[in-house]
Structure formats: structure tokens, C-alpha cells
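[1] structure, please.
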Amino acid sequence: TIIGCCELVLMHHATRWKLLPPAILMLMDRVVAASRDGAQPILRVRHSTPRLLPSTIGTAVLCALAVQNACQMLSMRYSRMPGQPKYLSSTAVVVAEVVKLVFSFIMLMQQVGVHEGLLCVWHGLFCAWQDTLLVGVPALLYLIQNNLLYVATTHLDAATCQVAYQLKLLTTAFFSVTLLKRHI
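    Sure, this is the predicted structure:
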């Protein structure tokens, strides 16, 4: 209901409610006050079904990832062709990871706020430092893999490189079934 929604906004976002426009705050106060007096609510909430189903979202994400992977391989191959400006593959890998880190940090701040986001990052990196060290091993392997991908795009054509790069899915599935005894 609108009453619960307004009280929820006021209660859980007490630190950010001051950022709302004054007209919205006055309207929220009126709605909560009117509902407590037994009067008719000023606003009515219309419940509707979501426009996008989870299966539609999953399909869209899968298609976007397929296009992203194909475009990534083609652009990497094009950038490594003769006549293109030379660059260090390690620099490209580090810049790509920094961009991902910045966007992830922005999304975290958007979802939980700056203060809570900084606390979450502090706790995740420094307070739980054992977990950070455990994640460092796959991160190092991922760094090596991405650098080797640039070497492969330099020496192979785009189609061969893409097929070889996607073989990691098959090998992961194979080792998951044989070594970990999991079912796919």
C-alpha cells in the first residue's frame, strides 16, 4: 500500500530523504497523515504485472553476451593487425579491469549508497583479507589468460581464436563432471 511504501521510504532512507524535492516530501507526509486519520488516501497505487519476464531478461542477457564476446574478439584482432598503432597487451588488460572495477563500484554506490558501499568494500577487502587472498589466485590466472588471449589474436585469425577461446566452456564442463562428480 502507499502507506507502507511511504513509511518504508522514510524509515529506511532517513539519511537520503533530505535529497528528495520538497514537494515529494510534503506529498509523502500528507499521504501518511491522511491514512492515519482514516481519510481516503491521496494516491492510489496500481499493481501491475512486470513488463519483462525473467526468461525474457535471461534471453536478452545471453544475446548481449554473445554479441559482446564476438565484438571483443573482432576488435582485438583488428587492433593487433599490421598497420595499427602498437600497444602493450598488459596495459589493455589492466585498463579493461579498471573500467569494470569503476562501473561495479558505481553500481554498488547506486544500490546501497556511498557510505554503505565504502563500508562494504572496506569489509570485503581488508576485514576479510583471507577471502581476498583466496580470490587472488583465480584473479592472477584470469590476468594471465587475458594476456595470452592478446597473444593468440596476434597470431591466429579471428574465427580460430574465437573457437579456441570458447573451448574453455567445454573443458570446464568436462572437468566439472569428471573431477568434481557434478551433473550438468
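
[2] pull the distance from the helix or strand hosting Phe174 to the chain's centre.
    In this assignment (DSSP states H and E), Phe174 forms part of helix 158-178. Taking the mean of its C-alpha atoms, helix 158-178 sits 24 Å from the chain's own mean (C-alpha atoms, centre = their mean, to the nearest Å).

[3] got it, and stretch 137-148?
    With C-alpha atoms, centre = their mean, you get 20 Å for stretch 137-148.

[4] give the buried residues for it.
    Applying a neighbour-count criterion of 16 or more other C-beta atoms under 10 Å, one finds Asn146, Asn147 buried in stretch 137-148. All C-beta atoms are positioned from the backbone trio N, CA, C, and that covers glycine.

[5] tell me the mean pLDDT for that stretch?
    Over the span of stretch 137-148, the pLDDT mean works out to 90.

[6] contacts for that stretch?
    The contact list for stretch 137-148 (C-beta atoms under 8 Å, 6 or more residues apart in numbering) reads Ser89, Ser90, Val93, Ala96, Glu97.

[7] so what's Asp131 up against?
    Here Asp131 is in contact with Gly124 (C-beta under 8 Å, 6+ apart).

[8] just want the angle from whatever helix or strand Val135 lives in to helix 158-178.
    Here Val135 sits within helix 129-155, counting by DSSP H and E. Orientation note: helix 129-155 sits at an angle of 140 degrees relative to helix 158-178 (axes from the mean of the first three to the mean of the last three C-alpha atoms, to 10 degrees).

[9] next one: helix 129-155 to chain centre, how far?
    19 Å.

[10] how far away is Leu65 from Leu119?
    31 Å (C-beta to C-beta, to the nearest Å).
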